[in-house]
Structures are given as C-alpha cells and as structure tokens.
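In: Next come a sequence and a model predicted from it.
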Amino acid sequence: MGSTVLISVRPGRTRAALVENGVLTDLLVFDDARQSLVGNIYLGRVEKVVGHLAAAFVDIGGGVSGFLAAAEARSPGQDATADISACVTEGQAVVVQVQRDGFEDKGPKLTARVVLNGRALILTPYDPGVRLSRRIDGEAERARLETVARDLGRPDGGFILRTAARGLPSTDLAREADALRQAWADVAERGASGTPPMLLSDASNPLLHILRDFTPAGVGRIVIDDIPALAGARAWCRSNAPDLTDRLDSHAGPASLFETVDAKTGSGGDDSVEAALEEALSPSLALPSGGSVLFAETPALIAIDVNVGGAVHGGRGPSVLATNLEAARLIARQIRIRNLSGLLVVDFVSTKNKKDQAKVLEAVKRAVAGDPSNVFVGGFTRFGLLEMTRRRNRPSLASLLMAPCRPCDGHGHVLSALSIAYKALDQLARAADATPAVRLSLVASPAIVAALQGPAGRALAAINERFGRQFPVVGDDQRAADDFQIIYDGGNDHDR
C-alpha cells in the first residue's frame, strides 16, 4: 500500500498524518495559538553566563530567554572541554537556532551550530565536510551519493544528505545546495547588520515543514484538503522538490480528510485516521489479543504499563511472551504518534525467563528503529523495568490538545477548550459550505466562547472573512464545558 501523507488545513490549526501500509505511524499538529520556534534562527544577546550550569541564557526577543549549553556554544574545532565562559560573554551578540521549544518552566533549547534544512540536504555552514544519513541503504546508492557529495563540498561549509536524497539526480541535489547557500548568505548578511534580539530566519510555516521534514522519501501520495494550501504546496515542490509535484492530490467532500482515510487502530481493527488519532489521546489501549497498555505522562518521565488482563488465563490465550511482543510493537508506534519523549519506563508483564526478556528487548529495538527521533533503548533494570530515552523535539500530542480535568481535580485529562473550539469552527465551516443561503450561529459553553474570543479569535475571523459574513457566537452557561451547537436559521441545530 505504501505511504500517504494527509495534510488537513483549518483556520488556526494544521494537522499532518503519515499512514504507512494502512497504519497511522506519525502525526504533527501545528497550532497558531502556540507556534513552535524550532528551526528559527535568531541574532540573540547573551544575558547571563552561568558557570555552574555550564550554560548561558540568551535573549532572542519577545520576552523569551533561551538556554545555550556549553556543548552547543562551542565552535567546531574548539576544545571539547572548553568552559562556557570561553565560548560566549555577557552582552555578546550571537547567532543561535532553536533546537527544542520551551516547556513548563524551561526556556527554548538553543544551539550556535546553526543548520538550514532542505528537502534532501542539510546545510552545515560552520561544519565543513559532507556526510550521508545512516538511513540511506544500498551500497551502490551510497557510493553514488558519496561521489555527488564530493562535488558539493566546499571549505566554507558542509552538507548532510538526508534520506530524501536517495534516488535523486545530481542536478537536483546541486540546485538545492545552491539554494541553501544563498539562503544562508541572506541570513548571515542580516545578522551582520542587525541589532539583537532579532529574528533572522523563520521556520514556522507548517506546510513547508511538513513537505520538507515530515514527508518520507518514496511517499506515494500527499493529500491536502485546502485549495490555497495545495496551490502553495505545488509552487514550493516545483522549485524545491520536483519529485513530489505529481504526488500531490486534493481532497473535497462533506466528510473531513482524516475521517475518509482508513487506518488500523491499536487494537487491530479497521477505522479512520481520525479514530486512530482519538485513540492516541486515550490513557489506555487494548491489545488485539487481550490485555492492555497504559500511558502516563509526568514531568519527570513517561510511565508505560503492560497489563495482561484476561489475555493469559489457565493456559488459554497468548503466552506472556506473546503479549509482551505485541505490546512492544504497539508502544513503539504510540510513542511516535503521541510524541512521547525524555525518559520512558516500560513495565512489561513480568517474566523470569531471561531468554524471553532478551526477545522483548530485541523486539523493542526493532520496533523503534524507524523512528526519526533518536530512541535509545537502555535495557531492563534490576527491577524488571525497561528504560529508554527519546529525543524531545516538540510538545506531546496530549499537551497540545488536552487539559487537566477539573471535576477529577486534575488527575485526568480531557480535550482542551481550544481544541474543542477548533472542532466547532471546522463544523461551522462545513455547515456554511453545505448551506450557503442559511444563517448560522454557534452556541457554546463559556469556556469554548472564551477560546473563540481569545487564542482562536484569528481562526474565527478567518472563517468570517472566507464566507463574507459574520457568524454570531453565543455563550450558554447551562452547557457542559465541552458542549456546542451550530444553530441554523429557523431553529434547526446541529450538536457536536
């Protein structure tokens, strides 16, 4: 079946899903109210150098201070043990790039080792030499790309050939290399004449990020449900990724894109991508042959518990090993979809058989091998827990879409008012498309109305502008926090 990328563009929120062989394997959510800074390049000013932390705090503008560790501040060739004070000084202007968004009380993680991403190449302006991604397989292809790479290299910077470079002609790679060099020259020129703090390069465009960094090499189709976004994608692909141009396709119809594409759920059944996404927000998933896997996010770590339930009983049903192997595959897929990162601790069904434990460990390593975020599987502890780490690059799915549940005193999570507000706007837009001559209004709980008047206000204004009329939003104190209705002229309504 191959791989398909689905891109759903709605006012205020863009979502992308990767479906491989009928299984949802990855997901991205971009929220206008919570824009990511990852990839942005700034001319920052060093606010403070903290020796005991081996780091500096850098003002990048907008009241944001980023964290620059000594390891990320050292220039190529500098002594690897050099102290942070040998790298930067207070008040110094420094070009930095955001590696990871801030979370909780932590600021964004920065690096002075700036790179520029292309579809097939990564420009490393401070690091000469050319390298190939380890994921590029095949001796003949690697040998060909190594020959191409030698022609690309220059003393004033280097390149990393990404997996998308596989199979591309040398002319396409040379054209992208020239474009990246020109882009870096523009950034360097602005940095040389600018005054910190200053944004030098904005990487926040969701559509370009999806096409460049999220779309795998050899993708079969890229389906987009928004006509202007599709036009923008075609224009970008013609200039930057010609191999993707004929794979772009449009989606239209009353049902949403994610509802019309099939995907297997964690329990093994067939459903839609939307259902698989909703499943990824559940704290507990059933295993196809019985048992379950529980996911708990805490500030310190991600705890994952495999429960046997009724899966193993009186010699009937699957063995403990079979249950654990099944759970290993589900966990690997779910940590990628949910974007769980940091320290992950898995409590598999207990077994004293060392050979079975080794098989589970090997199964986990195989299952996470395709994850684009670096996953390090450390092995089992003396208490029988499997430890692994996954690179943190963006907020988890739950932190983007969920909020603490007030009735249970924050011990559980429900969809956030902002997420429900975006759902309401999506349904409102579809209703307006289907009934252009009918007056529509939206009645919702105070929490949803507050979101529509606050962080989702720009999305509501975009829908009003798109249809050339105002859609009244009315609060109703009697509604549950997650409840809304679309009211049609004449008293008809549509529940969420």
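Out: Looks like it came in fine.

In: all helices of this protein, in order?
Out: 70-73, 139-152, 170-193, 206-209, 227-240, 242-245, 257-260, 273-279, 320-337, 354-368, 397-401, 417-434, 446-453, 457-467 (DSSP state H).

In: What are the buried residues along the fifth one?
Out: By neighbour count with 16 or more other Cβ atoms under 10 Å, helix 227-240 contains the buried residues Ala229, Leu230, Gly232, Ala233, Trp236, Cys237, Asn240. Where C-beta positions appear, they are placed from N, C-alpha and C, glycine not excepted.

In: In JSON lines, list the helices of the chain along with mean pLDDT and distance to Leu123.
Out: Output for the helices of the chain, formatted as JSON lines (pLDDT from 0 to 100; distance: least, Cβ to Cβ, whole Å):
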{"stretch": "helix 70-73", "mean pLDDT": "94", "distance to Leu123": "18"}
{"stretch": "helix 139-152", "mean pLDDT": "89", "distance to Leu123": "10"}
{"stretch": "helix 170-193", "mean pLDDT": "93", "distance to Leu123": "4"}
{"stretch": "helix 206-209", "mean pLDDT": "93", "distance to Leu123": "16"}
{"stretch": "helix 227-240", "mean pLDDT": "94", "distance to Leu123": "13"}
{"stretch": "helix 242-245", "mean pLDDT": "91", "distance to Leu123": "19"}
{"stretch": "helix 257-260", "mean pLDDT": "91", "distance to Leu123": "33"}
{"stretch": "helix 273-279", "mean pLDDT": "89", "distance to Leu123": "34"}
{"stretch": "helix 320-337", "mean pLDDT": "94", "distance to Leu123": "27"}
{"stretch": "helix 354-368", "mean pLDDT": "94", "distance to Leu123": "28"}
{"stretch": "helix 397-401", "mean pLDDT": "88", "distance to Leu123": "30"}
{"stretch": "helix 417-434", "mean pLDDT": "91", "distance to Leu123": "35"}
{"stretch": "helix 446-453", "mean pLDDT": "94", "distance to Leu123": "40"}
{"stretch": "helix 457-467", "mean pLDDT": "92", "distance to Leu123": "33"}
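
In: This structure - how does it break down into domains?
Out: For the chain, automatic domain parsing gives the domain ranges 1-33+204-279, 41-114, 282-390, 416-495.

In: Distance from the chain centre to the third one, please.
Out: In this case it means domain 282-390. With Cα atoms, centre = their mean, to the nearest Å as the basis, domain 282-390 stands 22 Å off its chain's centre.

In: what does the first one give?
Out: When C-alpha coordinates are averaged (Cα atoms, centre = their mean), domain 1-33+204-279 and its chain have centres 13 Å apart.

In: And the shortest one, by the same measure?
Out: Domain 41-114 sits 24 Å away from the centroid of its parent chain (Cα atoms, centre = their mean).

In: so how far does that domain reach from one end to the other?
Out: End-to-end span of domain 41-114 (Cα to Cα, to the nearest Å): 8 Å.

In: With stretch 374-393 instead?
Out: Using Cα to Cα, one end of stretch 374-393 lies 10 Å from the other.

In: ok, Arg466 - how many residues close by?
Out: 12 (other Cβ atoms under 10 Å).

In: gap between it and Pro11?
Out: Arg466 sits 8 Å away from Pro11, taking Cβ to Cβ, to the nearest Å as the criterion.

In: who touches both of the two?
Out: By Cβ atoms under 8 Å, 6 or more residues apart in numbering, Arg466 and Pro11 have these common neighbours: Ala429.

In: any chance of the buried residues of helix 227-240 in TSV, with distance to Ile136 too?
Out: Compiled in TSV, those are given as follows (distance: Cβ to Cβ, whole Å):
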residue	distance to Ile136
Ala229	30
Leu230	30
Gly232	29
Ala233	25
Trp236	23
Cys237	21
Asn240	20
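
In: what's the burial count for Gly51?
Out: 11.

In: do the same with Asn117
Out: Count around Asn117 with other Cβ under 10 Å applied: 17.

In: repeat for Ser396
Out: Counted with other Cβ under 10 Å, residues neighbouring Ser396 total 19.

In: Number of residues surrounding the nearest residue to it once chain neighbours are set aside?
Out: Closest residue in space to Ser396, ignoring its immediate chain neighbours: Asn339 at 4.9 Å, by Cβ to Cβ, 6 or more residues apart in numbering. Per other Cβ under 10 Å, the neighbour tally for Asn339 reads 22.

In: list the contacts for Asn339?
Out: For Asn339, the contact set (Cβ under 8 Å, 6+ apart) comprises Leu27, Asn393, Arg394, Pro395, Ser396, Leu397.

In: What residues does the third one make contact with?
Out: Each residue near Arg394 by Cβ under 8 Å, 6+ apart is listed here: Leu28, Ser36, Val38, Arg100, Asp101, Asn339.

In: That one and Glu387, how far apart?
Out: Distance of Arg394 to Glu387, computed by Cβ to Cβ: 22 Å.

In: again with the second one
Out: Counting by Cβ to Cβ, the gap from Asn393 to Glu387 is 20 Å.

In: Ok, Arg142 next?
Out: Counting by Cβ to Cβ, the separation of Arg142 from Glu387 is 33 Å.

In: next one: Pro395
Out: Here the criterion is Cβ to Cβ. By it, Pro395 lies 22 Å from Glu387.

In: The two: which has the busier surroundings?
Out: Neighbours around Pro395 and Glu387, counted as other Cβ under 10 Å, are more numerous at Pro395. The numbers are 19 against 15.

In: Looking at the buried residues of helix 227-240, which one is closest to Arg134?
Out: Closest to Arg134 out of the buried residues of helix 227-240 is Asn240 (23.8 Å), distances taken as Cβ to Cβ.

In: How about that closest one: what's its closest non-neighbour residue?
Out: Spatial nearest neighbour of Asn240, excluding adjacent residues (Cβ to Cβ, 6+ apart): Arg119 at 5.7 Å.

In: Might one say that that neighbour is in contact with Phe214?
Out: No - using Cβ atoms under 8 Å, Arg119 is not in contact with Phe214, being 10.9 Å away.

In: out of these two, which sits in the busier spot?
Out: The neighbour comparison of Arg119 against Phe214 (other Cβ under 10 Å) goes to Arg119, with 23 against 18.

In: And that one, how close does it get to Arg390?
Out: Taken as Cβ to Cβ, the span from Arg119 to Arg390 is 24 Å.

In: Confirm for me that Leu343 is in contact with Ile302.
Out: Yes - assessed by Cβ under 8 Å, Leu343 is found in contact with Ile302 at 7.0 Å.

In: Give me the more crowded residue out of the two.
Out: More neighbours surround Ile302 than the other of Leu343 and Ile302, with 21 against 14 (other Cβ under 10 Å).

In: hey, what's that one bridged with?
Out: Glu297, Leu344 (DSSP bridges).

In: Does it touch Asp347 like I think?
Out: No - assessed by Cβ under 8 Å, Ile302 is found out of contact with Asp347, at 11.7 Å.

In: hmm, back to that, output the contacts of Arg394 as TSV; include the columns distance to Gly370 and pLDDT.
Out: Listed next are these as TSV, based on distance: Cβ to Cβ, whole Å; pLDDT from 0 to 100:
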residue	distance to Gly370	pLDDT
Leu28	16	93
Ser36	23	87
Val38	21	91
Arg100	22	88
Asp101	24	87
Asn339	15	93
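
In: Need the max-distance pair from those residues.
Out: The most widely separated members of the contacts of Arg394, counting by Cβ to Cβ, are Leu28 and Arg100 (15.3 Å).

In: residue boundaries of the strands in the stretch 1-150 of the chain?
Out: With DSSP state E, counting those that start in this stretch, the ranges of strands along the stretch 1-150 of the chain come out as 3-10, 13-20, 23-31, 41-50, 55-61, 64-69, 93-100, 109-111, 116-117, 121-124, 129-132.
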